[in-house]
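J.: Sharing a model prediction with you, sequence too.
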Amino acid sequence: MRGFFDFARTYTTDSLSQFVTYDFRNQIYDKLQHVSFAYHDKEHTGNLMSKATADVEAVRRFVNMGLVRSSEVVVRTLAVTSILVWLNWELALISLVFVPFLVMRSTMVMGRLRRMWLHVQEVNGELVTALQENLVGIHVVKAFGSEDFERRKYDKKAQELRGEYYQSERLQGTNSAWMSLYFTFALGLIVWYGGWEIIRGDLTAGQLTMFVLYLNQLTFPIRSAAQIINSFSRAISSGGRIFDVLDADSPVEEKPNARIMGRSEGLVRFEDASFAYDSRSPSLTSVNIEAEPGEITAILGAPGSGKSTIVNLLPRFYDVTGGRVTIDGQDIREVTLESLRSNVGIVQQDIFLFDATIRDNIAYGISSATEEDIINAAKVAQLHDQIMAFAHGYDTWVGERGSTLSGGQRQRLSIARTVLVDPPILILDDSTSSVDVETERQIHQAMVNVMKGRTTFVIAHRLSTVREADQILVLKDGTIAERGNHHELMAQRGIYRDIYELQLRPQEEVLLDASIAGGDGGDN
Ligand SMILES: Nc1ncnc2c1ncn2[C@@H]1O[C@H](COP(=O)(O)OP(=O)(O)OP(=O)(O)O)[C@@H](O)[C@H]1O
């Protein structure tokens, strides 16, 4: 019988706790998929990972252990107290004298433990962040010989965490001791008063012994209460951190009545568009751009002038803080995010590759892509021949974050991915890591191929791309300082001409020299 009830209890608590954590995990994951970039700018990845794992685990433990034990404690306490009152109400009243102390102490300890556990979870988040940054940036750490610096940084956080754990365990230990002390005091009081009653002849020794034996049955609930308080405080602080994620506002929200955008014609307008990452300084002020379908718009400017910010507004990674952005005349805030983003493709220079095969990485997000589609996309991206040169061809595993591919190959893989999606509007960053002349030519050809027939915004660093552009925008401090084509801007003798003389022309000369010399530096 007992075995059956134990099994039923374990089964119920385990499945309930797993159900709760399953739900929390999915909700957190779902939320993180949908919050905008502005949220990720502020939240550390390690901290989010800690919330999705350690905090969820703290809640699971409470549900698994604390909730059931709490009901057991309540039932036992009520049952024992009723028996005590029935046995001798006067003694029962005396034995309850410690209850107010117990309640006061528990409330105080619970508040302190909650603050402590919150701090523990925060430090744990910082520790995971330090580990995550170290692993992601391991190349930089090794290149700069910073292993010792990183170890000390990690050790400091680990020590802080150890200290915090120690403090909370100590508080829990002293709390447990205090609660036992109150109880022992009450027991002493009963023995003293009961003894007195026996002397007076109002109570027999047997009755007192029975009362004390029953009173002793409260030892278990009192000990458990200390543990439950700890587990509850931890679950409350973890629950708070979890709800911080679940309740986070995302500045980029889809309207409830958002329409689905069909395949766009590719007419893009920025109308008086302004944007600020924070309230202190605007990153874009009153930007006006009109890009006709199929047109190439090159964006140039000094670092920090707002080039990436402009293109980030188009797929709504951030929302304008003033003015509006339209595609085919409709405000992009009126359409669903999914349909908008399927119309706006992005070729990133530093593309993220998943630990999967080349085929899976090219077809990422397009489950309907056939083998033929994938090969065609790789051909357009000038990558097919190199893939075929690998021993496993399209089945080659790219390694974590594509570490087994060169920078040039990763960039062209990004182009192949975009070709497969076939978006009418394209955002491109044409900067390339230093590659040899042949790779440079292949990348350029791949870019020309992918831009064909699409309205393209290219953050331009190379003269070849700038020359192909229908319009060139030169940014300065978040505003468009100059606009026109190459010849018009050269004639203006302004910022563009400076950029041309200082950056674009020398680059082309180097490439020209390299091609004449037939140098091949290797695709890196
Ligand atoms: N996530 C962010 N949070 C806060 N400020 C940002 C953020 N990203 C960019 N900024 C600021 O906005 C301004 C414009 O940055 P942006 O990245 O658009 O410039 P950029 O021209 O693309 O620069 P680069 O050529 O160096 O990539 C800069 O002052 C930059 O510091």
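T.: All right, it came through fine. Numbering: from 1, shown residues only.
J.: Before we move on, what's the pLDDT of D513?
T.: Looking at D513, its pLDDT reads 63.
J.: give me the low-pLDDT residue ranges for this protein?
T.: 1-2, 349, 400-403, 432-437, 507-524 (pLDDT under 70).
J.: Okay, domains of it per the record?
T.: Using automatic domain parsing, the domain ranges for the chain come out as 2-125+162-246, 259-343+427-524, 351-422.
J.: out of the ones you listed, nearest to the ligand?
T.: Closest to the ligand of those, according to Cβ to the nearest ligand atom: domain 259-343+427-524, at 3.3 Å. Using the backbone N, CA and C atoms, a C-beta is placed for each residue, glycine as well.
J.: what about the closest one and the ligand, any contact?
T.: Yes: Domain 259-343+427-524 lies within reach of the ligand by Cβ under 6 Å from any ligand atom, at Y277, S283, G301, P303, G304, S305, G306, K307, S308, T309.
J.: Longest helix in this protein, please.
T.: helix 147-200 (DSSP state H).
J.: Could you name the helices and strands sitting against that helix?
T.: On a contact count with 3 or more Cβ pairs under 8 Å, 6 or more residues apart in numbering; DSSP states H and E, helix 147-200 meets helix 89-95, helix 99-136, helix 205-216, helix 219-246.
J.: Tabulate the domains of the chain (a markdown table), appending distance to S146.
T.: As requested, the domains of the chain are exported to a markdown table (distance: least, Cβ to Cβ, whole Å):
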| stretch | distance to S146 |
| --- | --- |
| domain 2-125+162-246 | 18 |
| domain 259-343+427-524 | 22 |
| domain 351-422 | 20 |
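J.: how about those domains in TSV, adding mean neighbour count?
T.: Shown next, in TSV, are those (neighbours: other Cβ atoms under 10 Å):
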stretch	mean neighbour count
domain 2-125+162-246	16
domain 259-343+427-524	18
domain 351-422	18
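J.: Next one: the closest residue to R105 other than its chain neighbours relative to I229, how far apart?
T.: Nearest residue to R105 in three dimensions, chain neighbours excluded: W178, at 5.9 Å (Cβ to Cβ, 6 or more residues apart in numbering). When distance is defined by Cβ to Cβ, to the nearest Å, W178 is 12 Å away from I229.
J.: What of A378?
T.: 61 Å.
J.: Can you show me the strands along this protein?
T.: 268-275, 284-291, 296-301, 322-327, 330-331, 344-347, 425-429, 455-459, 471-476, 479-484 (DSSP state E).
J.: nearest to R9, of those strands?
T.: Nearest of the strands of the chain to R9, taken as Cβ to Cβ: strand 344-347 at 53.0 Å.
J.: what distance separates the closest one from the middle of the whole chain?
T.: 22 Å (Cα atoms, centre = their mean, to the nearest Å).
J.: Show me what it is in contact with.
T.: Residues outside strand 344-347 that contact it (Cβ atoms under 8 Å, 6 or more residues apart in numbering) are 311, 314-315, 411, 414-415, 418, 421-423, 425-429, 447, 450, 454.
J.: Note down every partner strand of it and its orientation.
T.: strand 425-429 (parallel) (DSSP bridges).
J.: Now do the partner strand and strand 268-275, the angle between them.
T.: 60 degrees (axes from the mean of the first three to the mean of the last three Cα atoms, to 10 degrees).
J.: okay, strand 425-429 in CSV with CA atoms only?
T.: Taking C-alpha atoms only, strand 425-429 is exported to CSV below (Å, rounded to 0.1, in the frame of the first residue of the first chain):
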residue,chain,number,x,y,z
ILE,A,425,14.7,43.2,-52.1
LEU,A,426,18.2,42.6,-51.0
ILE,A,427,20.6,44.0,-48.4
LEU,A,428,24.2,43.4,-49.0
ASP,A,429,27.5,44.2,-47.3
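J.: what does it rub up against?
T.: 264, 266, 268, 311, 314-315, 327, 343-349, 418, 447, 450-451, 454-459.
J.: cool, stretch 260-274 as well?
T.: 282, 284-294, 310, 313-314, 320-330, 335-336, 339-340, 343, 424-425, 454-455, 457.
J.: Quick one: end-to-end distance for it.
T.: Distance across stretch 260-274, first residue to last, is 25 Å (Cα to Cα, to the nearest Å).
J.: Tell me who's in contact with D244.
T.: K51.
J.: go with 6 Å
T.: Contacts for D244 (Cβ atoms under 6 Å, 6 or more residues apart in numbering) come out as none.
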